[in-house]
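Engineer: Based on what follows, work out the 3D shape:
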Amino acid sequence: MKALNLYGKQDLRFEDASKPMIENKDDVIIKVKAAGICGSDISRYGKLGPYVEGTTFGHEFAGEVVKVGPEVKTVKVGDRVAGCPAFYCGECDSCRKGELARCENLHVMGAYHPGAFAEFARLPEENVIPVPDNVDFDTAAMVEPSAVVAHGFYRTNIQPGAEVAVIGCGNIGLLAIQWARIFGAKKIYAIDIDDAKLETAKQVGADVTINSMEKPAHEAVAKHTGGQGVDLAVESAGSPITSAHVLALPKKGGQVVYLGIPYADINIERFYFERIVRNELTVLGSWNAISAPFPGKEWHASLHYMSTGQIDVEKIITHRLSLIEGPETFSKIINRDENFGKVMFYPEI
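Structural biologist: Predicted coordinates:
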């Protein structure tokens, strides 16, 4: 089969790879129909991290079951499924407490386990989730990033009627806007420095868009909230700047949840850091997309709201490409040669 394999920093190759076979009694072989590029893929492509040289890359995907092991009971050949790429050890203290996202030995397909930028992928049965008939493969391939966002929202105590600010309107931020509405937000503020992203944010449900290059985000939010701030601020960019600025968005006693992973050291100015103390903020980190019972409510809720249309990924996907375009696409993304939203690969074309 054909696949995109990672050999080193910015060394991604479109080449032949061994087609996965049934190796364990609970294995499921999936014909990949759609696979998306994640922000963590870009980071690993540029900086590496845990991986095996030559491993097939990618972990956000959906497809059709083509073969199952003898003990598989929950899916069958022909089923349409999404793949959960996370592997937990089940033995560490976090796993024993049911805190699977905090597993000490957590790893993801596309690093040590062959990934999804390929014609076929192999996963254990518990990592394979049936997809409702009215959810297409593009949407199903985005269950994983949706579950990442849902995991963060479940960490908060957001209540219906809350006001929510999302800073960073990339793929995760655009999903966060939709999850804020699902959790009952009455008003959602989208913050970014890119007007095109802000326009998309409006299309997926933001009530107010703020370009923070024109006015400090906290001043704009304060103006809209009578000087109070929001109940919940979501950081979804992972930039050194937004990681600080998000702290000035909530009202006194409000919450901040970090969904973005900083790509550089963070130096927080006193003005922003003091907001944690003086406003008695609750600051939450959120990691991964799984919980117990595995893969977690984040996955099942994502598929439910995708089936109802409350999570719409169509406006988030900007590029639909074949695998052979993978090396060039990753190069363009990391060198900022072109503006990309969610990129979806189709191994069949």
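Engineer: which helices and strands does the helix or strand of the chain with the lowest mean pLDDT pack with?
Structural biologist: None of the helices or strands of the chain scores lower by mean pLDDT, DSSP states H and E than helix 39-47, at a mean of 91. Applying 3 or more C-beta pairs under 8 Å, 6 or more residues apart in numbering; DSSP states H and E, we find helix 39-47 packed against helix 326-334. Where C-beta positions appear, they are placed from N, C-alpha and C, glycine not excepted.
Engineer: just checking, residue 45 touches residue 330?
Structural biologist: Yes: in this structure, residue 45 is within contact of residue 330 by C-beta atoms under 8 Å, at 5.2 Å.
Engineer: For the least confident helix or strand of the chain, which residues meet the burial criterion?
Structural biologist: Residues 39-42, 44-45 are the ones in helix 39-47 that count as buried (16 or more other C-beta atoms under 10 Å).
Engineer: from those residues, which is closest to residue 64?
Structural biologist: residue 41 (22.7 Å; C-beta to C-beta).
Engineer: ok, the closest one - contacts?
Structural biologist: Taking C-beta atoms under 8 Å, 6 or more residues apart in numbering, we find residue 41 in contact with 57-59, 110, 330.
Engineer: hey, what's in contact with both of residue 45 and residue 330?
Structural biologist: Joint contacts of residue 45 and residue 330 (C-beta under 8 Å, 6+ apart) are 10, 12.
Engineer: pLDDT value on the spatially closest residue to residue 73 that is not a sequence neighbour, please?
Structural biologist: Excluding its sequence neighbours, the residue lying closest to residue 73 (C-beta to C-beta, 6 or more residues apart in numbering) is residue 125, at 7.5 Å. Looking at residue 125, its pLDDT is 99.
Engineer: can you check the one 5 residues further on too?
Structural biologist: According to the predicted model, the pLDDT of residue 130 comes to 98.
Engineer: From residue 303, how far out is it?
Structural biologist: Residue 130 is 8 Å from residue 303, where distance means C-beta to C-beta, to the nearest Å.
Engineer: and the two? which has more neighbours close in?
Structural biologist: Summary of the neighbour comparison: residue 130 and residue 303, criterion other C-beta atoms under 10 Å, with residue 303 having more neighbours (22 against 15).
Engineer: Mind telling me what element the more buried one is part of?
Structural biologist: helix 297-308 (DSSP states H and E).
Engineer: centre of the chain versus stretch 154-171, how much separation?
Structural biologist: When distances are taken as C-alpha atoms, centre = their mean, to the nearest Å, stretch 154-171 is centred 15 Å away from the chain's centroid.
Engineer: what about residue 190, which SS state?
Structural biologist: Residue 190 falls in the strand class when you classify it by DSSP: H, G, I helix; E, B strand; the rest coil.
Engineer: Tell me where the model's unsure across the protein.
Structural biologist: For the chain, no stretch has pLDDT under 70.
Engineer: Regarding the spatially most central residue of it, which helix or strand does it belong to?
Structural biologist: Per C-alpha atoms, centre = their mean, the C-alpha nearest to the average position across the chain is that of residue 145, at 2.5 Å. Assigned by DSSP H and E, residue 145 belongs to helix 143-155.
Engineer: The very next helix or strand once past that helix pairs with which strands, and in what direction?
Structural biologist: Where DSSP H and E defines the elements, the next helix or strand beyond helix 143-155 is strand 163-167. Note on strand 163-167: by DSSP bridges, its sheet partners are strand 187-192 (parallel), strand 230-235 (parallel).
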